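> Take a look and give me a structure for this.
(one chain, ligands or ions: 2)
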Amino acid sequence: MVKLPRLVTCEQHGTQGIGLVCQHILSAKEPNGFFWSDDSDQARPDAWCNACEEKLLKDEFSEAWYEQAGFQPVCALCWDAAKARAETFEAEE
Ligand SMILES: [Zn+2]
Ligand SMILES: [Zn+2]
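Ligands and ions are numbered 1, 2, ... in the order given. Presented below is the predicted three-dimensional model:
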């Protein structure tokens with residue numbers, strides 16, 4: 001899976017590098033965890049939710065895991081915002 005750095009034009013932030021987040025983070029009404037990989041050739045690494053993390057710890061990385069995560073590209077600043085939201089939410093609990 002070789003991915004070249006890509007750019008996206010975000011409605012809020014303009015032209016930015018991308019990061020990937022799992023579909024659960026994107027569709028969640030409330031923050032549902034935020035985990036990310038160490039390395040990335042994009043502006044931000046792949047990020048995933050609590051449920052994906054649990055599956056990953058149990059089953060290890062696989063194509064099936066990647067597919068169920070349904071990663072979607074978001075702009076780097078939206079990625080940062082999602083991460084900040086999840087961290088704020090956890091701090092309040
Ligand atoms: Zn997920
Ligand atoms: Zn954005």
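> Show me what from this protein comes close to ligand 2.
Counting by C-beta under 5 Å from the ion, the chain comes close to ligand 2 at 10, 12-13, 75, 77-78. The C-beta positions use only the backbone N, C-alpha and C, and glycine is treated the same way.
> Across the sheet, point out what pairs with the closest residue to Q16 other than its chain neighbours.
Nearest in space to Q16, with sequence neighbours left out and distances taken as C-beta to C-beta, 6 or more residues apart in numbering, is C75 at 3.8 Å. C75 has these beta-bridge partners by DSSP bridges: I18.
> Pull the contacting residues for C75.
Taking C-beta atoms under 8 Å, 6 or more residues apart in numbering, we find C75 in contact with 8, 10, 12-13, 16-19.
> one step back: among the residues of the chain next to ligand 2, which one has the most neighbours?
Tallying neighbours with other C-beta atoms under 10 Å puts C75 at the head of the residues of the chain next to ligand 2, with 23 neighbours.
> Next one: that one, what pLDDT does it get?
C75 is assigned 96 on the pLDDT scale.
> Can you give me the distance of it to G19?
Counting by C-beta to C-beta, to the nearest Å, the gap from C75 to G19 is 8 Å.
> For the most centrally placed residue in the chain, which non-adjacent residue is closest in space?
In the chain, the residue lying closest to the centroid (C-alpha atoms, centre = their mean) is V21, at 2.2 Å. Nearest residue to V21 in three dimensions, chain neighbours excluded: A47, at 4.7 Å (C-beta to C-beta, 6+ apart).
> so where do the strands sit in this protein?
Along the chain, the stretches classed as strands by DSSP state E are 7-10, 14-21, 35-36, 47-48, 72-75.
> could these go into TSV alongside distance to ligand 1?
What follows is the strands of the chain, written out as TSV (distance: least, C-beta to the ion, whole Å):
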stretch	distance to ligand 1
strand 7-10	20
strand 14-21	8
strand 35-36	9
strand 47-48	5
strand 72-75	11
